[in-house]
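Engineer: Starting from these lines, generate the structure:
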Amino acid sequence: MALSRLAASYGVATSYSPSPGRTLPASGTAVVAALAALGVDASTPEAISAALAAREAHLAERLLPPTVVAWTDTPLPAAPPLAGLPRGTWVRVELEGGGLIEWRTHSSGKEMPTASEPPTEPLLSQATPQPPTEPPLSRGERVGGWETPPRSGGTTERQAAPPPDAGPGETEPQPRAEPPAGVHKVLVRSPEGKTAEAHLIAAPRRIKTPARRAHGFLVQLYSLLSRRSWGMGDLGDLAELAAWSGHVLDAGFVQVNPLHAAVPSPPDGPGGDPSPYRPSSRRFPDPVHLRIEAVPEFAHLTGAARDRVDALRREADRLREGVLGGGELIDRDAVWALKREALELLHEVPLGPGRTAAYSAFLAEQGRALEDHATWYALAETYGPDWHSWPAPLRDPASPATARARRELMDRVDFHCRLAWLTDTQLATAQRTAREAGMEIGLVHDLAVGVHPGGADAWAQRDHFAPRMTVGAPPDAFNARGQDWGLPPWRPDRLAESGYAPYRALVRGLLRHAGALRIDHVMGLFRLWWVPEGSDPTDGTYVHYDAEAMLAVLALEADRADALVIGEDLGTVEPGVRESLREHGVLGTSVLWFERDWAGTGRPLPAEAWRADCVATATTHDLPSTAARLTGEHVQLRHDLGLLTRPLAEEQSEAAADVREWLGLLSRLGMLPGGMGCEEDEIRALHRFLLATPARMLGIWLPDAVGDRRPQNLPGTWDQYPNWRLPVADATGRPVTLEDLAASPRLHALMAVFRQSALKDDTARTAPPDAHPV
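Structural biologist: Reported below is the predicted structural model:
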């Protein structure tokens, strides 16, 4: 079928499998809409035929795809598609750091290293032919018919030619041409004179994994209030948590929710979306997390400005006490209104010479991306937080009207640039504090699946987003109606054409001050469920991405940052995805309640059978707290909100049986010496089980440490439940501060389980070969 062939050539699926052994056709309307979002007209049979003919001719004619991936442990000539170039094709790789690697292909799949017979014409129109020069050559000399511009660093590697009478396999030993890690340029010229140019992403094949097992807290930062907070957790609280848990609890990391910049609330309008997973921008952090008193200019406030900031602080104290003692919810918009006014006053304080230099360096480093980000926020102050409703000329970030508005709003643009810088510096302080506290990893940042369609990223990078499409999930056993997350997807073709530049910048920015990056819905590196705007989520289809390129970018940026990568791979996962992630060193996520022998007995998976390359945990922000699961309160909550699809008694019976089976296993393993019935003992036993697995990282959901009953987010709800607005609370529902957590006997009793395990590990490592445990 022509439509299926056309769709497949663009990575658009025409069927999907909601469960093993079951395949369903994708919505034809969604397939046509997805192709349209990729710039392909498939609206009529005639259009389909024309588009298919053009696509097949293009694919047959091209020498290279827009982006080529190579691994640093493999010679460049063996990297597909370079290995498949026609015999006699000259290949030149211009390295990111300067220098060249070049060769001529011997036959499809093989290279013939040579320093002779360079092309007599330019490789591309921009190149200038020069007389061949014998190797070795250095930067700034002319190589193989092309001029190499002088650069700092780098080398030129030219492969020596085989002797004229050499037979097969009798060539002289050749230097291997493994590429250095980086984003390079590859240029080719076929014997017929056809030329092509592509981005070359060279990356380590495998991301590093922890040198030794680490445990740490998982927390939603806004929920972690201290006595110094302005109504919600901030970066000062994060640094404090890292310092305390590192020094006192031997924690190796703290994982937080996405700290991406949020969509601002419209003036006098409804409150903004509190979800950290639907931000305006993933590229820059949200200044709502700033600790005002930690901004150096705060010390230089005087007179009326200081009095006003002190008054704002008192208002923030009332907000905080309302949350801690008055049963109020965390109000991000109210907190931001206070902080923003304080930051406006701080913006009036002149920077000292050193601070000015540091700010200028940050502006230069971030470049156009930061300028666009700040421009969107400046324009949003006047025209509202959805760029689709702005005057038409301002909807294009590159238009003359936008350039004029940027100049007119320069003070506001500078204000928002300054906020990004201040937030970046406090993030750096938090990570530095974590490492100084002995944490081997430190902060683990979270990357949301996408961005708000009306926000800064969707405006600044609009050419990279698929128009009139949103991301979601197809119907499955857990949600028969599917899901629409309201997030515009990236276009895979535009990513490839740019050498994945937006994705590279995104990952690099998140890893600036982190020891690891968690990727929410990591399956999205392989494919995403696209839903046409206005359609039901059931009427969608999968669109595939170049997973090898996406993983190469991750590996490259993680290697540069010396960081780990964690993938949230819960739920339905396409066959082969977990294997590919594991091959490249991306750690998975294993939640105790989901780990069963699904292919066999269906019983809880023995600890020794768990995968090692994962973060093992008892729960996450989207799941019931461990205390609520043990008591069954999570089922009652869903019933009260009308979310159950089966009778309450049936759901309760199934949930109780699940808990009994796990606790029974723990009892048989001797991990529950006091027997069942004590909630705190049971929670400690569950974590003892996690410690018995080979998991490289162990995550403790911070609210679990004090018996919190409430989930931070209840999927499937909006106004029915206070998602993303709850403080950490104890078993009675009383909110607890960071100071309370540090003094909590219940928390320390749980963490003693980890200290005891660490002592056993240390004893085992240091005991002589003939030693016996006491």
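
Engineer: Count residues in the vicinity of residue 681, would you?
Structural biologist: 18 (other Cβ atoms under 10 Å). Using the backbone N, CA and C atoms, a C-beta is placed for each residue, glycine as well.

Engineer: From residue 736, how far out is the residue found closest to it once you drop the neighbours it is linked to in the chain?
Structural biologist: In this structure, residue 681 finds its nearest non-sequential neighbour in residue 674, 4.8 Å apart by Cβ to Cβ, 6 or more residues apart in numbering. To residue 736, residue 674 is 25 Å away according to Cβ to Cβ, to the nearest Å.

Engineer: Looking at the two, which is more packed in?
Structural biologist: For the pair residue 674 and residue 736, the greater number of neighbours falls to residue 736 (23 against 12), based on other Cβ under 10 Å.

Engineer: Now for that one: which residues touch it?
Structural biologist: 706, 727-730, 744 (Cβ atoms under 8 Å, 6 or more residues apart in numbering).

Engineer: Grab the nearest non-local neighbour of residue 396.
Structural biologist: residue 402 (6.3 Å).

Engineer: And for the one you found, the neighbour number?
Structural biologist: If you count neighbours by other Cβ under 10 Å, residue 402 ends up with 20.

Engineer: Whichever helix or strand it is part of - contacts with which helices or strands?
Structural biologist: Residue 402 belongs to helix 400-408 when assigned by DSSP states H and E. When contacts are defined as 3 or more Cβ pairs under 8 Å, 6 or more residues apart in numbering; DSSP states H and E, helix 400-408 packs onto helix 353-383.

Engineer: List the contacts of the residue nearest to residue 396.
Structural biologist: So residue 402 contacts 375, 379, 393-394, 396 (Cβ under 8 Å, 6+ apart).

Engineer: biggest separation within those residues, which pair?
Structural biologist: Spanning the widest gap among the contacts of residue 402 are 375 and 393, at 13.5 Å by Cβ to Cβ.

Engineer: ok, the two, which is more surrounded?
Structural biologist: Taking neighbours as other Cβ under 10 Å, residue 375 and residue 393 compare with residue 375 leading, 26 against 12.

Engineer: Now the helix holding residue 402: average pLDDT?
Structural biologist: Taken as a whole, helix 400-408 has a mean pLDDT of 98.

Engineer: tell me which residues in the next helix or strand after that helix are buried?
Structural biologist: From helix 400-408 onward toward the C-terminus, using DSSP H and E, the following helix or strand is helix 410-436. For helix 410-436, a neighbour-count test (16 or more other Cβ atoms under 10 Å) marks 412-413, 415-427, 429-431, 433-434 as buried.

Engineer: with the contacts of residue 402 in mind, which one is nearest to residue 66?
Structural biologist: For these, the residue nearest residue 66 by Cβ to Cβ is residue 396; the value is 23.6 Å.

Engineer: Measure how buried that closest one is and give me the count.
Structural biologist: Neighbours around residue 396, by other Cβ under 10 Å: 15.

Engineer: Quick check: of the contacts of residue 402, which lies closest to residue 636?
Structural biologist: Of the contacts of residue 402, the one sitting nearest to residue 636 (Cβ to Cβ) turns out to be residue 379, at 46.6 Å.

Engineer: Which helix or which strand is home to residue 102?
Structural biologist: Using DSSP H and E, residue 102 falls within strand 99-107.

Engineer: actually residue 69, not the one I wrote
Structural biologist: Element membership of residue 69 [criterion: DSSP H and E] is strand 67-71.

Engineer: Any idea how far the next helix or strand after that strand is from the middle of the chain?
Structural biologist: Counting by DSSP H and E, the next helix or strand C-terminal to strand 67-71 is strand 90-94. Distance of strand 90-94 from its chain centroid, counting by Cα atoms, centre = their mean, to the nearest Å, is 32 Å.

Engineer: which other helices and strands contact strand 90-94?
Structural biologist: Strand 90-94 packs on strand 99-107, strand 182-189, going by 3+ Cβ pairs under 8 Å, 6+ apart.

Engineer: In the sheet, which strands lie alongside it, parallel or antiparallel?
Structural biologist: In the sheet, strand 90-94 lines up against strand 99-107 (antiparallel), strand 182-189 (antiparallel) (DSSP bridges).

Engineer: then the longest one to PDB, C-alphas only?
Structural biologist: So that's strand 99-107. Provided in PDB are the C-alpha atoms of strand 99-107 (Å, rounded to 0.1, in the frame of the first residue of the first chain):
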ATOM      1  CA  GLY A  99      42.300  18.600  12.000                       C
ATOM      2  CA  LEU A 100      41.200  16.000   9.500                       C
ATOM      3  CA  ILE A 101      40.700  12.300   8.900                       C
ATOM      4  CA  GLU A 102      40.300  11.300   5.300                       C
ATOM      5  CA  TRP A 103      40.300   8.200   3.100                       C
ATOM      6  CA  ARG A 104      39.100   6.800  -0.200                       C
ATOM      7  CA  THR A 105      36.700   3.800  -0.100                       C
ATOM      8  CA  HIS A 106      38.000   0.600  -1.700                       C
ATOM      9  CA  SER A 107      34.600  -1.000  -2.000                       C
END
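
Engineer: which parts of it are buried?
Structural biologist: Buried residues in strand 99-107, defined by neighbour count with 16+ other Cβ under 10 Å: 99-106.

Engineer: and what of the last one?
Structural biologist: Applying a neighbour-count criterion of 16+ other Cβ under 10 Å, the buried positions in strand 182-189 are 183-184, 186-189.

Engineer: what's the most distant pair in the residues you listed?
Structural biologist: It's 183 and 189 that sit farthest apart of the buried residues of strand 182-189, by Cβ to Cβ, at 21.5 Å.

Engineer: Now do residue 80 against residue 71, distance only.
Structural biologist: Separation of residue 80 from residue 71 (Cβ to Cβ) stands at 11 Å.

Engineer: Look up the pLDDT of residue 475 for me, please.
Structural biologist: In this model, residue 475 carries a pLDDT of 82.

Engineer: residues touching the nearest residue to it once chain neighbours are set aside, list them.
Structural biologist: Nearest residue to residue 475, sequence neighbours excluded (Cβ to Cβ, 6+ apart): residue 482, at 4.5 Å. Residues in contact with residue 482 (Cβ under 8 Å, 6+ apart) are 472-476, 529, 531, 536-538, 540.

Engineer: go on, residue 417?
Structural biologist: The contact partners of residue 417, by Cβ under 8 Å, 6+ apart, come to 363, 370-371, 374.

Engineer: tell me, how many neighbours does the closest residue to residue 266 other than its chain neighbours end up with?
Structural biologist: Spatial nearest neighbour of residue 266, excluding adjacent residues (Cβ to Cβ, 6+ apart): residue 384 at 5.4 Å. When neighbours are counted by other Cβ under 10 Å, residue 384 registers 16.

Engineer: My read is that residue 384 contacts residue 394, right?
Structural biologist: No - using Cβ atoms under 8 Å, residue 384 makes no contact with residue 394, being 11.2 Å away.

Engineer: Great, nothing more from me.
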